[in-house]
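> Need coordinates for the following:
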Amino acid sequence: MLDGAFSSDPIAWFQHVFEQAQRQETHDASRAALATVAANGQPSVRYVLVKGADERGFVFFTNYRSDKGQALRAQPRAALAFHWWSTGIQVRVEGIASQVSAEESDAYFATRPRGSQLAAWASDQSQPVESRAALERQLEAINQRFPDNTLVTRPPHWGGFLIRPERIELWQNHAFRLHDRWRFTRDERGEWLGERLQP
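Residues are numbered from 1 along each chain as shown. Below you'll find the model as predicted:
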């Protein structure tokens, strides 16, 4: 599982197994549970779509004024968990979150379907709304602001977060719960130190 090129590089291993999951998983393989901690210490978890994973870390996009956006700005420590039934693999990530550049957020926003772009403007994410009809009125107002064939620019309150991992755990299912587990921890030089864990 972690032999050869992947034995000291958990990001490369993640990219390899993620490609497998994309081919085999019934649901979107980029789906991951994101855990944050609010300023008052209350933990919270929800699913996000992770849109990038490279040597920097893991990137997802959201409304910065949402509950998760506010939590990450107040307390930037976060965790991700992926699990793919089709491959029997789980990946856990713990690290520090920071906003990506405006340029990176602009580039990703431009790839989104127009409806999703408009919804990013229309929804004041995580805030109360009177009714579904009120939400649809907000969308209609945005439709009028950006009529057909008009470029929809990225809202200034919407963009990406990068989670720079400090620890990554890799887990693969085996019979009788005798699973394979590895934990990689980043040292002060930024190098990964790996160890096998008992299941």
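> Just the pLDDT for Arg186.
Arg186 carries a pLDDT score of 94 in this model.
> quick one: it and Thr111, what's the gap?
Arg186 sits 30 Å away from Thr111, going by C-beta to C-beta, to the nearest Å. To be clear about C-beta, it is placed using only N, CA and C from the backbone, and glycine gets the same treatment.
> Comparing those two, which shows the higher neighbour count?
A direct count of neighbours by other C-beta atoms under 10 Å for Arg186 and Thr111 places Arg186 higher, at 16 against 9.
> If the more buried one is in a bridge, with which residues?
Trp192 (DSSP bridges).
> i'd like the first residue to be 45 from this point on
All set: I'll call the first residue 45, so the last point we hit is now Arg230.
> who are the neighbours in contact with it?
Contact analysis of Arg230 by C-beta atoms under 8 Å, 6 or more residues apart in numbering lists 209-211, 236-237.
> Ranking by neighbours, what's the top pick from those residues?
Pro209 (25 neighbours).
> on that earlier part again, mind putting the contacts of Arg230 into TSV with distance to Val144 and pLDDT?
Listed next are those as TSV, based on distance: C-beta to C-beta, whole Å; pLDDT from 0 to 100:
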residue	distance to Val144	pLDDT
Pro209	15	97
Glu210	18	97
Arg211	21	97
Trp236	22	94
Leu237	27	93
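> can you put those residues in CSV and add distance to Val103?
Output for the contacts of Arg230, formatted as CSV (distance: C-beta to C-beta, whole Å):
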residue, distance to Val103
Pro209, 12
Glu210, 16
Arg211, 18
Trp236, 19
Leu237, 24
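> Do you have the strands of this protein handy? List them.
According to DSSP state E, the chain carries its strands in the segments 75-81, 87-98, 101-107, 121-128, 133-143, 202-216, 224-230, 236-241.
> ok, the fourth one: who's next to it in the sheet?
Right, strand 121-128. Strand pairing for strand 121-128, using DSSP bridges, gives strand 75-81 (antiparallel), strand 133-143 (antiparallel).
> With mean pLDDT added, can I get those strands in JSON lines?
Below are these laid out as JSON lines (pLDDT from 0 to 100):
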{"stretch": "strand 75-81", "mean pLDDT": "97"}
{"stretch": "strand 133-143", "mean pLDDT": "97"}
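> now those as JSON lines including mean neighbour count and distance to Phe190?
Listed next are the strands paired with strand 121-128 as JSON lines, based on neighbours: other C-beta atoms under 10 Å; distance: least, C-beta to C-beta, whole Å:
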{"stretch": "strand 75-81", "mean neighbour count": "19", "distance to Phe190": "29"}
{"stretch": "strand 133-143", "mean neighbour count": "19", "distance to Phe190": "24"}
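> Distance to Ala115 added to those strands, as TSV?
Converted to TSV, those look like this (distance: least, C-beta to C-beta, whole Å):
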stretch	distance to Ala115
strand 75-81	4
strand 133-143	9
